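Asker: next input, structure requested:
(one chain, ligands or ions: 2)
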Amino acid sequence: MKRKEKRLLQAVALGLTALVFLPNVGLWALYRERQLEGGPEGAEAAAAARAGVAQGQQRRPRKDIYFGDGQRRKDWHDKEAIRKDAERVGNGEQGKPFPLTDAERVDQAYRENGFNIFVSDKIALNRSLPDIRHPNCNSKLYLEKLPNTSIIIPFHNEGWSSLLRTVHSVLSRSPPELVAEIVLVDDFSDREHLKKRLEDYMAQFPSVRILRTKKREGLIRTRMLGASVAIGDVITFLDSHCEANVNWLPPLLDRIASNRKTIVCPMIDVIDNDHFGYKTQAGDAMRGAFDWEMYYKRIPIPPELQKPDPSDPFESPVMAGGLFAVDRKWFWELGGYDPGLEIWGGEQYEISFKVWMCGGRMEDIPCSRVGHIYRKYIPYKIPTGVSLARIRNVGTQLCIGTKHGAPGSPLRLEGCVKGRAEAAWSNVQVFTFSWREDIRPGDPQHTKKFCFDTISHSSPVTLYDCHGMKGNQLWKYGNDKTLYHPVSGSCMDCTESDHRVFMNTCSPSSPTQQWIFQYTNSTVLEKFNRNSDL
Ligand code: LR7
Ligand code: MN
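Answerer: Numbers count the residues shown, from 1 in each chain. Ligands and ions are numbered 1, 2, ... in the order given. Model (predicted):
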């Protein structure tokens, strides 16, 4: 035999062997396919094959629900509900903006919730939303057997219609078999409508439970209380002013089913706080991030990391915070949240870092969309103990105000606004002692990035862009109630006659150099003062 012929024969023999023995090619695969089609599961197997589920996995015995591979997939859309929603007309239907009149735009409408409750009250509790998902989402199949979930909704003094719309949207847009329960956790609200009236209303829904904290706990411990009673395989957290959009739940649960250490977030859409129109966030799909002040932000996904199919899940380093689903046991393996976190904020970083550090992952799911009302401002009280303060001068009995203060302008005294709620609301006489030991206007969640700044021992105190490097923005609060500026070695002083705030040689007994921090406590001041190196 010539060498060439020999080679050819060898190749043919090899090919035949492959045809006979190798799975997924050749005779063996053909045989198996026939078997499958003939069997009772034939049709589903064929559908699964079309959906890209490997054939070889079809015949393995069914595993625990958390092992996603090898299970059948299906179309979870509720076609009938979608059709009915599409027919709805009326105020706010299809997520359209409500035609606001000036009478409805008054301050009073926003005061209690930070969004326009008059408008919310006029929109149906089960209003329809536009399906703004990527078109590919329409044909996505998810596991037929998904874990179920407890949906936990913490609330503190939430508006009636905004809370109910959250619940209705979940009930009407989730497959009932996937919702183990909806747990409403009341964080010590004092509004009347959230008491018996809420209980009576929810009595019509057997899957809804109401829990209440015994004192004001803040959103983090309130969520933990909900999570601790949850019975679902998965825990899904929502804010109390959300609207779940079409087929939002299966794409979330599906990812957890295939990897229980995945925490998933829906795309968060914007429900306008004036007119309740529904739209995507600017730029839509982005990754979570934060800046040096720990402010959450969203940044574009770099092109090299973009998925070929924009409707596919993508990773995100940190989550926005309020809207996500997590395997219940994994949540507790991660230790839940740090229960020392107060009232609002920071918890989204804590959970995000823990997930990544403990071998989990975090994903945003473009085919799952939930609307959220972004408030104009935080309406609720933040109890003392948080670094929130009004700064009142002993000598003049006036307060430092920033109503007219643009960055660069000198600070001025004003008459103190009454009551801390109002001070927080108007946001002009509230200051935060930041962890960088500077003083900034605004409450801790919404501080402006300007700081008290002064350049010499006799100059005015101005607001200047915060640099976080101490220096001219470093202040100390002494037992003698002075605001001491270590760099210039002087103290903050003021005059009643022209309302100026300026630096002066320290004279601790002078009442115009004594400042009282209202609504904050000694621990906060101690922390602020702790550092001594310049
Ligand atoms: O003391 C409180 N007790 C509570 O139960 C204060 C608030 N709450 C409830 C409140 O009713 C709401 O349901 O906790 C939830 C969140 O409070 P919001 O709505 O006042 O805060 P937010 O929408 O500004 O919150 C975002 O950031 C928070 C702190 O980090 C939480 O993580 C929120 O869940 C988070 N919201 C979202 O992620 C939705 C998308 C917007 C963003 C960012
Ligand atoms: Mn919110």
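Asker: output the contacting helices and strands for the lengthiest strand in the chain.
Answerer: Taking DSSP state E as the criterion, the chain has its longest strand at strand 361-373. Packed against strand 361-373 by the contact rule (3 or more Cβ pairs under 8 Å, 6 or more residues apart in numbering; DSSP states H and E) you find strand 242-244, helix 249-258, strand 262-271, strand 314-315, helix 347-357. Yep, even glycine has a C-beta here, placed from its N, CA and C like the rest.
Asker: deepest of these, which one?
Answerer: Among the helices and strands packed on strand 361-373, strand 242-244 has the highest mean neighbour count (mean count of other Cβ atoms under 10 Å), at a mean of 26.
Asker: just how off-centre is it within its chain?
Answerer: Centroid separation between strand 242-244 and its chain, computed with Cα atoms, centre = their mean, to the nearest Å, is 13 Å.
Asker: ok, now stretch 192-208?
Answerer: Counting by Cα atoms, centre = their mean, stretch 192-208 comes out at 25 Å from the chain centroid.
Asker: same question, stretch 336-355
Answerer: Worked out by Cα atoms, centre = their mean, stretch 336-355 lies 11 Å from the chain centre.
Asker: any idea of the mean pLDDT for it?
Answerer: Averaging pLDDT along stretch 336-355 gives 91.
Asker: for that stretch, give me every contacting residue.
Answerer: Outside stretch 336-355, the residues that touch it by Cβ atoms under 8 Å, 6 or more residues apart in numbering are 218-221, 223-224, 227, 261, 263, 288, 290, 294, 296, 317-322, 334-335, 361-362, 378, 382-383, 385-386, 444-445.
Asker: give the buried subset of those residues as a PyMOL selection command.
Answerer: Those of the contacts of stretch 336-355 that count as buried under 16 or more other Cβ atoms under 10 Å are selected in PyMOL with:
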select buried, resi 218+219+220+221+223+224+227+261+263+288+296+318+319+320+321+322+334+362+378+382+386+444
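Asker: which members of the contacts of stretch 336-355 additionally contact ligand 1?
Answerer: Among the contacts of stretch 336-355, the residues lying close to ligand 1 (Cβ under 6 Å from any ligand atom) are G218, L219, Y296, A320, G321, G322, I378.
Asker: among these, which are in helices?
Answerer: L219 (DSSP state H).
Asker: now render the ones next to ligand 1 among the contacts of stretch 336-355 as a markdown table, adding pLDDT.
Answerer: Below are those laid out as a markdown table (pLDDT from 0 to 100):
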| residue | pLDDT |
| --- | --- |
| G218 | 92 |
| L219 | 94 |
| Y296 | 91 |
| A320 | 94 |
| G321 | 94 |
| G322 | 93 |
| I378 | 75 |
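Asker: pLDDT score assigned to Q35?
Answerer: The predicted local confidence for Q35 is 33.
Asker: and D327, by the same measure?
Answerer: 98.
Asker: ok, it - contacts?
Answerer: Y66, P147, D233, V234, I235, I256, R260, K261.
Asker: which one of those is nearest to F452?
Answerer: Nearest to F452 out of the contacts of D327 is I235 (Cβ to Cβ; 42.7 Å).
Asker: pull the residues that contact the strand or helix carrying the closest one.
Answerer: For I235, the host element (DSSP states H and E) is strand 234-237. By Cβ under 8 Å, 6+ apart, the surrounding residues in contact with strand 234-237 are 147-154, 223, 226-227, 249, 252-253, 256, 322-328, 331.
Asker: what is the mean pLDDT for it?
Answerer: Mean predicted confidence for strand 234-237 is 98.
Asker: list the strands paired with that strand, with their directions.
Answerer: strand 149-155 (parallel), strand 324-327 (antiparallel) (DSSP bridges).
Asker: residues touching the nearest residue to N113 once chain neighbours are set aside, list them.
Answerer: Computed as Cβ to Cβ, 6 or more residues apart in numbering, the closest residue to N113 that is not its neighbour in sequence is G159, at 4.7 Å. Taking Cβ under 8 Å, 6+ apart, we find G159 in contact with E112, N113, F115, I117, S120, H241.
Asker: the fifth one and F276 touch, don't they?
Answerer: Yes. Counting by Cβ atoms under 8 Å, S120 sits close enough to F276 to count as a contact (6.4 Å).
Asker: now do the host helix or strand of V524: distance to the chain's middle.
Answerer: If you go by DSSP H and E, V524 is part of helix 522-529. Centre-to-centre, helix 522-529 and its host chain are 29 Å apart (Cα atoms, centre = their mean).
Asker: repeat for stretch 115-134
Answerer: Using Cα atoms, centre = their mean, the offset of stretch 115-134 from its chain centre is 19 Å.
Asker: list the buried residues for it?
Answerer: Neighbour count says stretch 115-134 has 115-120, 122-123, 125-134 buried, by 16+ other Cβ under 10 Å.
Asker: go through the residues you listed and flag which are in helices.
Answerer: Going by DSSP H, the helices hold I117, F118, V119, S120, K122 from those.
Asker: interface residues of this protein facing ligand 1?
Answerer: Near ligand 1, when you scan the chain using Cβ under 6 Å from any ligand atom, you find 154-156, 158, 187, 218-219, 222, 239-240, 268, 296, 320-323, 343-345, 347-348, 372, 378, 380.
Asker: could you pull out the helices for the protein?
Answerer: Under DSSP H, the chain gives helices at 3-21, 26-38, 42-50, 79-87, 107-111, 117-122, 160-173, 196-202, 219-229, 249-258, 328-333, 347-357, 420-426, 522-529.
Asker: quick one: list the elements packing against the last one.
Answerer: The reference is to helix 522-529. Against helix 522-529 (3+ Cβ pairs under 8 Å, 6+ apart) you get strand 431-433, strand 476-477.
Asker: for the ones you listed, which one sits closest to W356?
Answerer: strand 431-433 (29.0 Å).
Asker: which elements pack onto the closest one?
Answerer: By 3+ Cβ pairs under 8 Å, 6+ apart, strand 431-433 packs against strand 388-393, strand 439-441, helix 522-529.
Asker: could you pull out the buried residues of the longest one?
Answerer: This means helix 522-529. Buried, per 16+ other Cβ under 10 Å, within helix 522-529: V524, F528, N529.
Asker: verify the stated contact: the last one with Y477.
Answerer: Yes. N529 sits in contact with Y477 when judged by Cβ under 8 Å, with a separation of 5.7 Å.
Asker: low-confidence ranges in the stretch 401-534 of the chain?
Answerer: 404-406, 419-427, 444-446, 521, 531-534 (pLDDT under 70).
Asker: all strands of it, in order?
Answerer: 412-414, 431-433, 439-441, 450-453, 462-465, 476-477, 483-485, 490-494, 501-504, 515-518 (DSSP state E, counting those that start in this stretch).
Asker: would you list these in TSV and tack on mean neighbour count?
Answerer: As requested, those are exported to TSV (neighbours: other Cβ atoms under 10 Å):
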stretch	mean neighbour count
strand 412-414	19
strand 431-433	24
strand 439-441	26
strand 450-453	25
strand 462-465	18
strand 476-477	17
strand 483-485	22
strand 490-494	24
strand 501-504	20
strand 515-518	18
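Asker: the ones you listed into CSV, with extra columns for distance to P303?
Answerer: Below are the strands of the stretch 401-534 of the chain laid out as CSV (distance: least, Cβ to Cβ, whole Å):
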stretch, distance to P303
strand 412-414, 49
strand 431-433, 38
strand 439-441, 37
strand 450-453, 36
strand 462-465, 32
strand 476-477, 49
strand 483-485, 48
strand 490-494, 51
strand 501-504, 50
strand 515-518, 49
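Asker: so which of these is nearest P206?
Answerer: The nearest among those, by Cβ to Cβ, is strand 431-433 at 44.8 Å.
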